[in-house]
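Visitor: Sequence first, then the predicted structure, then my questions.
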Amino acid sequence: MLKGMRASRAFRRSLIVVVVAAIAGALVRVQGKGSVAPTIGGWRQLSGPNFR
Amino acid sequence: MLVGVGALGARAGRQLGATPGVDRILVADRRADRAEALRKFLGAKAETVEWSARRPLPPGVDAVACALPAGDDVPLVIAALESGVPIATSGDNQESIATLLRLNDEALASGVAVLAGCGLAPGLSDVLAAHAATLLDSVDEIHVARAGVAGPDSEASMRRLHSERPTEVIGGVMSEVRRRSTHELIWFPEPVGDKECELIGAGVGLLHKSFPSADRITMRAVEPESRSTGWFRRNDPGGNWGATRVEVWGRIGIARVPVIYGAVGRTATMGGAVLGVATALLVGAVPEIGAAQPGVSGLASCVVPEAFLAELERRGVSAAKFEGVPVA
């Protein structure tokens, strides 16, 4: 009986940890979205008049 | 008046000689033979003069181009301020640029424009940062990288920069950071390609003054090769390839985007062209490229980027844009 309660408590704790980690991961993913420097590509020589 | 006719100064002199509106060039160098060689190249437009830090500037000078070794430019800037003559200097020494920025009040009081860091980086990199900023609604971060040295003095300066504690702007504040392992692999335009760069502090203060809203500003550079391999290298480091890469982050609407510009060429040629054109700006020989206001500043504060880049392109220095795909 005691053994079963301990297992149930451990399960609840691990469930809380998983939920908190999922929320934190989701927050980081949403907040940090869309700011990745280009890493694949090439250089194009600029020419006038706008040099863009 | 051109002071310092080393690898970069000689190229700046040639650029000034090819600038319409520049009638006369006084050439000064501690080595008379180098000054005489440039005078001969420039012909009737040029004249050699003797000048030292203890002497006042010769009369009738409209602007000074300083290509002295890093750190030696401060006495010349002070002499220019005392004579009321605007000056552009190519020095990239962290300490001397900081000293020049501290002379801002004196420059404002005497109504003299001092353009600091007019070389490859700082210099052309500032122009490219200003150009990138025109594409953005606001600027958050600027990351500059540089490869190459203009000559032996420039190489010594770069070596010193790598031994000093670098500064960077963090959270909008200039901060001295610990010299830790700051290596980063940077992709410059070809043929320089990818090089490992380390944090240095040169030019960060100038960019901070030009872009006070930027939260983060860093400057990185390739460390010169070890002296022990000097036997195997070319005798003229200024003939080597150099490059700069400027990554500017900012917002367009709500989107945060990077703009990446660069340039590649012979280091001394690019630096000399930038110093020559900056001096032409000071004398008003090419009015469309910008106008310098009294005070000490970098090129980003006073140029019209497109016009400045067009003037450089006419002189053989081209800019490039990195067009890439973000990969997470």
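Guide: Great, that's in hand. Numbers count the residues shown, from 1 in each chain, chains lettered A, B, ... in the order given.

Visitor: C-alpha from now on. contacts and neighbour counts both.
Guide: Fine.

Visitor: in chain B, what spans have low per-residue confidence?
Guide: B:180-181, B:226-239, B:325-328 (pLDDT under 70).

Visitor: Please apply the same query to chain A.
Guide: Using pLDDT under 70, chain A drops low at A:1-2, A:29-37.

Visitor: just the helices in it please.
Guide: Along chain A, counting by DSSP state H, helices occupy A:2-31.

Visitor: mind listing what the closest residue to B:Pro122 other than its chain neighbours touches?
Guide: The shortest distance from B:Pro122 to any non-neighbouring residue, by Cα to Cα, 6 or more residues apart in numbering or on different chains, is to B:Gly203 (5.1 Å). B:Gly203 makes contacts with B:Asp92, B:Gln94, B:Ile97, B:Gly117, B:Ala121, B:Pro122, B:Met219, as judged by Cα atoms under 8 Å, 6 or more residues apart in numbering or on different chains.

Visitor: Could you verify my assumption that B:Val5 touches B:Asp33?
Guide: No - B:Val5 is not in contact with B:Asp33 according to Cα atoms under 8 Å; the separation is 9.9 Å.

Visitor: and after the helix or strand harbouring B:Glu311, which helix or strand comes next?
Guide: Counting by DSSP states H and E, the element that carries B:Glu311 is helix B:305-314. Scanning forward in sequence from helix B:305-314 by DSSP H and E, the next helix or strand is strand B:319-326.

Visitor: Let's see the longest helix along chain B as CSV, backbone CA atoms only.
Guide: Ranked by residue count, the top helix of chain B under DSSP H comes out as helix B:267-283. Provided in CSV are the C-alpha atoms of helix B:267-283 (Å, rounded to 0.1, in the frame of the first residue of the first chain):
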residue,chain,number,x,y,z
THR,B,267,43.6,46.1,-47.9
ALA,B,268,45.8,49.2,-48.5
THR,B,269,44.0,50.2,-51.7
MET,B,270,40.5,50.0,-50.0
GLY,B,271,41.7,51.9,-46.8
GLY,B,272,43.5,54.5,-49.0
ALA,B,273,40.4,55.1,-51.1
VAL,B,274,38.3,55.5,-48.0
LEU,B,275,40.8,58.0,-46.5
GLY,B,276,41.1,59.9,-49.8
VAL,B,277,37.3,60.1,-50.3
ALA,B,278,36.8,61.1,-46.6
THR,B,279,39.3,64.0,-47.0
ALA,B,280,37.6,65.0,-50.3
LEU,B,281,34.4,65.1,-48.2
LEU,B,282,36.0,67.5,-45.7
VAL,B,283,37.2,69.9,-48.4
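
Visitor: did I read that right, B:Thr244 in a strand?
Guide: Yes - the assignment for B:Thr244 is a strand, going by DSSP: H, G, I helix; E, B strand; the rest coil.
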